[in-house]
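In: Structure for the following, please:
(2 chains)
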Amino acid sequence: MKKDKIISFIFRIISYIIFFTIVFIFAFVIFDGIKYFSIDFFTQFPKNMMTEGGILPAIIGTIYLLTTTLIISIPFGVLTGIFLSEYGNNKIGRLLDTAITSLSGVPSIVYGLFGLALFSIALRLRTSLFSGALTLSVMALPIISSATREALSSVPDTMRESAYALGAKKTEVIYNVLIPAARTRIITAILIGAGRVMGETAPVLLTAAVFYSTHMPKSIKDPIMTLSTHIYNVAMAYGKDAQWMAKGTSSFLMLLILIIYLIAFRIRRKLNAK
Amino acid sequence: MRELKNTINTFIIKSVALSGIIALILIFGFVIRESIPALREVGMEIFTSFDWFPTYDPPAYGILTMLINSILLTIFSSLIVIPLGYIIAFFMYDYAGNFEKKMMKGAIDLLSGVPSVIIGMFLIIYISPWMLEIGAWSSENILLASIGLTILSLPYTASLMEEAMSSIDKNLKEGALALGTTRFTTGFKIVSRAALSGIFNAIILTVNRIIGETMVVLMAAGGQICFLFPFLIP
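Out: Below is the predicted model of the structure:
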């Protein structure tokens, strides 16, 4: 029994130290950056070699990119999930299942190279918002579709059977019974996917981002700046004078992502409590 | 009419789902197709040579150094992450009180989504000047990259392992405890053994994540191509 106490104590100490170090690091990044927040920071273009001004183009770029990506990936992801859950009991279903699982394990830089080769070069979209959004959609597809599949599978079979007994066709069951029943879970998955897409750097760097843009993206063929690539560029390529901007941007991006995740987990907790 | 609608809807679902397969095939196809010319031109030298001078004349394209470095970095980081992750998971599973567990789990879930570029930024701006002072040769080195990879993947590993252990039947644990074994023995010898496949799965996913991570390594380890011992060389 004494040995147990000692081990318990050691494990607790180790866990606490690591846990609080990691939490401290992220809290530090947030709070160290918050002091650079100002109205100018959110409404200005970067000026003077990134030493003054703000991050407006990066914010706008991130929002555009996220919206375009979600517009493309939500229908694809949800429909793929429906297929896996409701039509997936055959060879194609299993093949698709393997494909989705492998897709979720592919490193993001490979997605980036894929996007660069296929969308930017082969389809001649160049470095643009659209090619970045397509690349990120391919990335978000496994997240959304596997979550949708799980959500649909967790709907009790009795609901399905009652709907069939009332004479509903298969797709009517799916769209009118299953999807509403699984809605909150699917929304959670989409939020988590959005958080991932927002923080992704490597694929965006390769397919959509520019170092510095002097005007807003006017169409989906324009290149953009995003928060994450902006952090990378500023942290790596500029001197000490510009570092405050990387700190501020990181803090802002981190807050955004934490808020999205908090909403997602709040929804999920409410669902579990029910 | 309803019949027709059903058919159309089914068709839409099926055709969209097939796009998943097509996407995967395209990814593999493209990556392979783009790399074939390189392989054909340079031949086996790519995997067997240490020389990487793509701008020289004649150019040399050996990626062996990078290959070995990736493997080293992965092994080194995994050796830190996996035991620590296991300890945290074990603590959360067995010893932690209700409040402790809730707090840790909540925070870990939140942190597993932190973008890697932020960790890279943190390392390069906050840690690396400090490291220069204690005698590293340059501001970018493998130790830094390892720290970054650890911070990045620890929450992920711990939560996966904890899930694997929690999914084991509670009766097993209670039965062992009722026989008078200590909590540590129960957790370590019985629950962990029962959850072995889940834990292995967590390890594989972690290693996969570490290998594929680009941003942290790009920002923290530098682009210098040379052997990485001792650890403080870029």
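In: Which helix runs longest in chain B?
Out: Counting by DSSP state H, the longest helix found in chain B is helix B:2-42.
In: Quick check: mean pLDDT of that helix?
Out: Mean pLDDT, computed over helix B:2-42, is 76.
In: mind checking how far that helix is from the chain centre?
Out: Relative to its parent chain, helix B:2-42 has a centroid offset of 26 Å by C-alpha atoms, centre = their mean, to the nearest Å.
In: ok, now stretch A:9-19?
Out: 31 Å.
In: Please apply the same query to stretch A:158-177.
Out: Distance of stretch A:158-177 from its chain centroid, counting by C-alpha atoms, centre = their mean, is 33 Å.
In: Work out for me the element the residue nearest to the spatial centre of chain B sits within.
Out: Taking C-alpha atoms, centre = their mean as the criterion, residue B:209 is the residue nearest the geometric centre of chain B, at 2.2 Å. Secondary structure assignment for residue B:209, by DSSP states H and E: helix B:196-212.
In: In space, what's closest to residue A:114 - neighbours in sequence excluded?
Out: In space, and not counting its chain neighbours, residue A:114 is closest to residue B:27: 4.9 Å by C-beta to C-beta, 6 or more residues apart in numbering or on different chains. C-beta: built from backbone N, CA, C; applies to glycine.
In: so who does that neighbour touch?
Out: Contacts for residue B:27 (C-beta atoms under 8 Å, 6 or more residues apart in numbering or on different chains) come out as A:103, A:106, A:110, A:111, A:114, A:138.
In: Let's have those residues in JSON lines, adding pLDDT.
Out: Output for the contacts of residue B:27, formatted as JSON lines (pLDDT from 0 to 100):
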{"residue": "A:103", "pLDDT": "76"}
{"residue": "A:106", "pLDDT": "77"}
{"residue": "A:110", "pLDDT": "78"}
{"residue": "A:111", "pLDDT": "81"}
{"residue": "A:114", "pLDDT": "78"}
{"residue": "A:138", "pLDDT": "83"}
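In: need those residues in TSV with secondary structure and neighbour count, can you?
Out: Shown next, in TSV, are the contacts of residue B:27 (DSSP: H, G, I helix; E, B strand; the rest coil; neighbours: other C-beta atoms under 10 Å in any protein chain shown):
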residue	secondary structure	neighbour count
A:103	helix	21
A:106	coil	19
A:110	helix	18
A:111	helix	22
A:114	helix	25
A:138	helix	26
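In: Out of the residues you listed, which comes closest to residue B:143?
Out: Proximity of those to residue B:143 (C-beta to C-beta) peaks at residue A:110, which lies at 26.2 Å.
In: Surely that closest one and residue B:31 touch.
Out: Yes. Taking contacts as C-beta atoms under 8 Å, residue A:110 lies within contact range of residue B:31: 6.6 Å.
In: Counting neighbours, what do you get for the nearest residue to residue A:175 once chain neighbours are set aside?
Out: Nearest non-adjacent residue to residue A:175, counting by C-beta to C-beta, 6+ apart: residue B:9, 7.3 Å away. Using other C-beta atoms under 10 Å in any protein chain shown, residue B:9 is surrounded by 18 other residues.
In: That concludes my questions; thank you for your assistance.
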